[in-house]
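Asks: return a 3D structure for these sequence lines:
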Amino acid sequence: MRRSFLKGMVALVAIAASLGAAAAQSTLERAREQGYIRVGFANEAPYGFATPAGELTGESPEVAKEILSRMGIPEVDGVLTEFGSLIPGLKAGRFDIIAAGMFITPERCQQVAFSEPSYGIGQALLVAEGNPKNIVDYSSIADNSDLTLAVMAGAIEAEYADKAGIPQDQLVVLPDQASLVSAVKSGRADAAALTALSIARMAENNEGVESTPPFAEVAGESVMGHGGFAFRPEDEDLLAEFNKHLKEFIGTPEHIELVSQFGFGEGYLPTATTEELCSAGQ
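Replies: Down below sits the predicted model:
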């Protein structure tokens, strides 16, 4: 009877040890063991989007795939999420990395841990074909109370609009790129704001709209945005390993070749570090 009891105790201790080891397993260890990791994206071309066949692609996912493969994680599962829900989704554990070309800002740095940036880029506005209202940049909207500007929920452009002095009642906040295009085409908004590459692609793929020339300042301040990959702050080993390989990859001929298909290249390489971007304005 005692021998049976002891065997039972040994089994329970073994199970408890196994559960404890599983609980202590980091996200990096789990991903390497499973052979895949989940990434959140927002269907914003050319940063991160799904093809008609359902393939996850874009500048951010493709760079992530390359870096993760070097880390021993061969597969990436995309989780489509509205841009404004990416950080809450990451923190809630719906996915483990944000691969959506998200700008690194001091406010976001307080919520998530960013990799080093993978690109740097300016801004542009989407306007009706022919630009009948002569919109140039954010100041055009701020100076004319009859004009409205569409921005994407959770994106940096709402902050730029505020810096430019555009009141809330002149903003139309929408969930994605398709709704921005629709708002400009229908006249619900006179312009839509995003990064220069996104606007150029939207203008190229839709009739009746065009892009303003890109610009790099709003209200006298630089709007050269730098995009990176976001991680949960507790996933320190995952971020450190990702950064190690990312720093070795960015700017190499292999990197330029990979991202040129999305409009990126040597002219879009980062010009600031994550530390500098997170402490900007402090």
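Asks: okay, now the unreliable bits of the stretch 1-150 of the chain?
Replies: Along the stretch 1-150 of the chain, the parts satisfying pLDDT under 70 run over 1-23.
Asks: do a quick rundown of the strands in it.
Replies: Using DSSP state E, counting those that start in this stretch, the strands assigned to the stretch 1-150 of the chain run over residues 36-41, 49-50, 56-57, 75-80, 97-103, 113-114, 119-121, 123-128, 149-152.
Asks: rounded mean pLDDT for whatever helix or strand comes next after the last one, please.
Replies: In the C-terminal direction, the helix or strand that comes right after strand 149-152 (DSSP states H and E) is helix 157-163. Averaging the model's pLDDT scores along helix 157-163 yields 95.
Asks: ok, and what's touching helix 157-163?
Replies: The contact list for helix 157-163, computed with Cβ atoms under 8 Å, 6 or more residues apart in numbering, reads 105, 123, 138, 141, 149, 151, 171, 173, 193-194, 218-219, 221, 223. (Each C-beta comes from the backbone N, C-alpha and C, glycine too.)
Asks: which residues touch the nearest residue to Tyr47 once chain neighbours are set aside?
Replies: Sequence neighbours aside, Gly101 is the residue nearest to Tyr47 in space, at 2.9 Å (criterion: Cβ to Cβ, 6 or more residues apart in numbering). Listed by Cβ under 8 Å, 6+ apart, the contact set of Gly101 reads 44, 47-48, 58-60, 118-119, 195, 227.
Asks: same thing but 7 Å
Replies: Applying Cβ atoms under 7 Å, 6 or more residues apart in numbering to Gly101 gives the contacts 44, 47-48, 59-60, 227.
Asks: please apply the same query to Val181.
Replies: 126, 202, 206, 209.
Asks: re earlier: quick one: which of the contacts of Gly101 is nearest Val184?
Replies: The closest of these to Val184 turns out to be Glu44 (Cβ to Cβ; 16.0 Å).
Asks: pretty sure the closest one sits against Ser198.
Replies: Yes. Glu44 is within contact range of Ser198, at 6.3 Å (criterion: Cβ atoms under 7 Å).
Asks: between those two, which contacts overlap?
Replies: Common neighbours of Glu44 and Ser198 (Cβ under 7 Å, 6+ apart) are Gln177.
Asks: and the strands of the stretch 1-150 of the chain, which is most packed in?
Replies: strand 97-103 (a mean of 29; mean count of other Cβ atoms under 10 Å).
Asks: partners of that strand in the sheet?
Replies: The pairing partners recorded for strand 97-103 under DSSP bridges are strand 36-41 (parallel), strand 225-231 (antiparallel).
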